[in-house]
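Asks: What follows is a predicted protein model with its sequence.
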Amino acid sequence: MYWTSFADFAAMGGYAGFIWPAFAAGLILLGGLALSSRHKLALAERDIAEARREAGRELGRDT
Amino acid sequence: MHYLANPARFQRIMTAIRPWAGGIALVCLIAGFGWGLLFSPPDYQQSETVRIMYLHVPSAWMGMFIYAGMAVASAVALIWRHPVAELAAKASAPAGAAFTLVCLITGALWGQPMWGTWWVWDARLTSMLILFFIYLGYMALWEAFDDPSRAGRAAAILALVGAVNLPIIKFSVDWWNTLHQPASVLTMEGPKIHPDILWPLLLVAVGFKAYYIWLLALRVRAEILERQARMLRFAAASDGQPG
């Protein structure tokens, strides 16, 4: 390992104020997109199930 | 290509690929960032700030790669009326915008300690900012129309026109005198950087590609289900109309 201690690693040679926010931005944006996409799919699955139920009811009323 | 035009078939393939893509993304990103942050040495000029490059460079590649994919998918959708290509382009845009924004933010965070400024109106930086705005415009265009087929056509035309920006981004550092350094990985002579820095960079790049495939599988499925729900409701409403 390149670092000698955790404090050394966290300090990033004095550039921690630039390096850690860069990784935080990446994590927030790409992690947030992954979570919101999973949420979008869950909503779409719920919506199609509801639409199929509604269509079934419509069909039942017509016959 | 026509084999994939069937949404049910496309969904089956993507559902099978999704867990593999997610697993590869997780392994490559943990390995790549772990290697880059814990084991790779600092650069002799950039010092520790070179670690931002493990995120910045693959994000820039992804921003351009996804846009190129969107332009091809848009052309396929316009020429052959390929329904899945249109949805794939639409589902890709948020990922492309997110990667481009990560590239711009991390670039600014690297620029301040290295160049002494967060931002310059340099050809590479400006063309990358334009790419981000094109992504936003593309997504806004999809929301601007009530009719999805008209929205899809308008957005596809924008995606094709915007593709002109891709060679400008790539060659901006050769065509103009820029503060941004020239390419050091994707060059005709091969990579110019040390393997200790190159390998973690490539691992993150593979991880990001796999993440994008995982995300695409998820978002295209959501788009297909949303469209099917809308069609079911429309058909039910049409059947219920008197006369």
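Replies: Perfect, I can see it now. Numbers count the residues shown, from 1 in each chain, chains lettered A, B, ... in the order given.
Asks: What residues of stretch B:109-126 count as buried?
Replies: Buried residues in stretch B:109-126, counted by 16 or more other Cβ atoms under 10 Å in any protein chain shown: B:L109, B:W110, B:G111, B:Q112, B:P113, B:M114, B:D122, B:A123, B:R124, B:L125, B:T126. Quick note: C-beta positions are derived from backbone N, CA and C, even for glycine.
Asks: what does that stretch contact?
Replies: Here stretch B:109-126 makes contact (Cβ atoms under 8 Å, 6 or more residues apart in numbering or on different chains) with A:15, A:18-19, A:21-22, A:25, B:46, B:49, B:52-53, B:56, B:104, B:107-108, B:168-169, B:172-173, B:175-176, B:178-180.
Asks: Quick one: mean pLDDT for stretch B:67-76?
Replies: Throughout stretch B:67-76, pLDDT has a mean value of 96.
Asks: hang on, I meant stretch B:224-243
Replies: Across stretch B:224-243, pLDDT averages out at 80.
Asks: Ok, stretch B:52-62 next?
Replies: In this model, stretch B:52-62 carries a mean pLDDT of 96.
Asks: Restrict it to CA atoms and write it as CSV.
Replies: Taking C-alpha atoms only, stretch B:52-62 is exported to CSV below (Å, rounded to 0.1, in the frame of the first residue of the first chain):
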residue,chain,number,x,y,z
ILE,B,52,-9.1,12.8,-9.4
MET,B,53,-8.2,11.5,-12.9
TYR,B,54,-9.5,8.0,-12.0
LEU,B,55,-13.0,9.6,-11.9
HIS,B,56,-12.6,12.5,-14.3
VAL,B,57,-11.2,10.7,-17.4
PRO,B,58,-13.5,7.7,-17.5
SER,B,59,-16.5,10.1,-16.9
ALA,B,60,-15.4,12.2,-19.9
TRP,B,61,-15.2,9.1,-22.0
MET,B,62,-18.6,7.9,-20.9
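Asks: Contacts for it, please.
Replies: A:18-19, A:22-23, A:26, B:32-33, B:36-37, B:46, B:95-96, B:99-100, B:102-103, B:106-107, B:109-110, B:128, B:185, B:197, B:200-201, B:204-205, B:207-209, B:212.
Asks: which stretches of chain A have low pLDDT?
Replies: A:58-63 (pLDDT under 70).
Asks: repeat for chain B
Replies: B:1-5, B:240-243.
Asks: how does it look with 80?
Replies: B:1-8, B:183-192, B:236-243 (pLDDT under 80).
Asks: mind listing the helices for it?
Replies: B:7-34, B:53-80, B:83-115, B:123-144, B:148-162, B:165-175, B:195-239 (DSSP state H).
Asks: And the second one, what's buried?
Replies: Okay, so that is helix B:53-80. For helix B:53-80, using 16+ other Cβ under 10 Å, the buried residues are B:53-67, B:69-78.
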